[in-house]
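**Q** Sequence and computational prediction follow.
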Amino acid sequence: MKLEGVELRRVSMPLVSPFRTSFGTQTARELILLRVVTDEGEGWGECVAMADPLYSSEYNDGAADVLRRFLVPALAASGPLDAHAVATVLEPFKGHRMAKSALEMGVLDAELRAQGKSFGSELGAVHDRVPCGVSVGIMDSIPALLDAVGGYLDEGYLRIKLKIEPGWDVEPVRAVRETYGDDVLLQVDANTAYTLADAELLAGLDPFDLLLIEQPLDEEDVLGHADLAQLIATPVCLDESIVSAQSAVAAIRLGACAIVNIKPGRVGGYLEAKRIHDVCVEAGVPVWCGGMLETGLGRAANVALAALPGFTLPGDTSGSGRYYHRDITTPFVLDDGHLTVPTGPGLGVAPLEDALAEVTTSTEWLTA
Ligand SMILES: O=C(O)CCC(=O)N[C@@H](C(=O)O)c1ccccc1
C-alpha cells in the first residue's frame, strides 16, 4: 500500500450542553480529522487533542504543525505503508502521541478496509456489543447534577462517572448515592485536581462504594498515587499518567493503580492501546475505555477496542447524542445500555458528507 497524501481537516462541533471538568468548560469540540489516501483506498484518523493544552501538553495547532512538518513527511518517505510499522517510523519524533495516534489510525483504517477486515477483529474483540458508561460534568448545583444523572440513567447508561474538583466532590457523590441508591455503578474523575495533602478529604469518598477514583493527582506523580492508594479504600485508576505499555507496567508495579483507563489517543494509537490491555490483563488489572468526546469515527474505534476481553468495566463509550446534536457519522445510539461493535471493514463507519461539511472549518492537503 502506497501513501498518496493526507487531508488534514479541522472541525468544530457544538456540544449539546457545556461540559465542565476540573481544567475548564467546553461548549464545542474542535478537533483534527485525517483522511489518509493510498493507492488502495482511504482511511480516517481522529486526533483527540483539544484546542488548548489543558488536559495534556498536546493541542490542535501543535498537532497540525507536527503532522504537517514531521509525521506525514516521515511516513511518506518510509516506503510501503504498514500500519503496524507506523509507530516505529514516527518514534524519532518525541511525544505528540495524539497526533501520531490519528495518523496510525488512518493508515490502519485504510489497510483494514482494503483487506475487508474490521477494527474489532484486528484488535481481538470478543464481544459484539459493549456496556456503556457516561461522564457527567461539574454542575452549577446539586439539583442540576441530580437531574442530569437521572436523565442518563433513564437513557439506560450502566455506569455514572462524576467529574470532581476541590469543593465539588463528597457532597455531589453523597447526593447521587442518596437519590439513586447503592446499586448504581458510580465512579469519579478528578483530572489531577488534588494533591497527596488531600488524602483525608478523598478518604471521605470511601463510604460511597465507588468503582474507582480516576487520576486524583498530577500526571507525573505516580509515587503520590501509590502513597494515596494506601490511604484510601476507593481503588485508584490512572488516566493521564498512562502514556504507554511501559508506563502502565511501571505504575502497576509501583502500586499506583488498581485499574487503568485506556485512551488510544493518549497512548499513541490503538495498537499501543491493545498492548496496554495485554499487559494489564497479564497483571490482573481491569481496564476500561476512556473517551475524548470523539466523533463517530473515533467512537467506532473505541467501541471496537472496548470489546476486548480485559475491558471488564463500562467505558466512556457513550452514545453520540451525549455530546452532539448531529454526529458526522451515523449516530451511535444506546441499546439496552450497550453500543454495538461495528463489523464492517476498517472502522465500519464513514463520515456523512453533508454533516462533515457543516462542521468543517478548514482542510489542507499534505501530499506524500
Ligand atoms: O465521554 C467522553 O468522550 C468524555 C469522557 C471524559 O470525561 N473525558 C475527559 C477525561 O478526562 O476523561 C476529558 C474530557 C474532555 C477533554 C479531555 C478529557
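**A** Thanks, I have the structure now.
**Q** start to end distance for stretch 259-268?
**A** 19 Å (C-alpha to C-alpha, to the nearest Å).
**Q** what about the residue nearest the centre of the chain, distance to the ligand?
**A** Among the residues of the chain, the one closest to the centroid is G291, at 2.9 Å (C-alpha atoms, centre = their mean). Counting by C-beta to the nearest ligand atom, to the nearest Å, the gap from G291 to the ligand is 2 Å. Glycine gets a C-beta too; all of them are placed from N, C-alpha and C.
**Q** need the contact list for the closest residue to that residue other than its chain neighbours.
**A** Spatial nearest neighbour of G291, chain neighbours left out: D316 (3.4 Å); criterion: C-beta to C-beta, 6 or more residues apart in numbering. With contact taken as C-beta atoms under 8 Å, 6 or more residues apart in numbering, D316 is in contact with 133-135, 161, 288-291.
**Q** Next: D221.
**A** D221 neighbours (C-beta under 8 Å, 6+ apart): 196, 241.
**Q** what are the phi and psi angles of it?
**A** phi -90, psi 60 (degrees, to the nearest 10).
**Q** ok, then the element right after the longest helix seen in the chain?
**A** When the chain is parsed with DSSP state H, its longest helix is helix 97-115. Moving toward the C-terminus from helix 97-115, the next helix or strand (DSSP states H and E) is helix 119-123.
**Q** near the ligand, which residues of this protein?
**A** Proximity of the chain to the ligand (C-beta under 6 Å from any ligand atom) is limited to residues 21, 50, 55, 135, 189, 191, 239, 290-293, 316, 318.
**Q** what about stretch 80-98, start to end distance?
**A** Start-to-end, stretch 80-98 (C-alpha to C-alpha) is 23 Å.
**Q** Give me the contacts around it.
**A** 1-3, 38, 47-49, 56-58, 62-63, 66, 70-71, 74-75, 78, 100, 103-104, 107-108, 110-112, 243, 265-269, 271-272.
**Q** Wait, a strand at E4?
**A** Yes - E4: assigned to a strand according to DSSP: H, G, I helix; E, B strand; the rest coil.
**Q** list the contacts for D182?
**A** With C-beta under 8 Å, 6+ apart, D182 has these contacts: D209.
**Q** from now on call the first residue 12
**A** Done: numbering now begins at 12, and the last item shifts to D193.
**Q** how far away is it from the ligand?
**A** For D193, the distance to the ligand - C-beta to the nearest ligand atom - is 23 Å.
**Q** Need phi/psi at that residue.
**A** phi -80, psi -10.
**Q** And it, what's its pLDDT?
**A** pLDDT for D193: 98.
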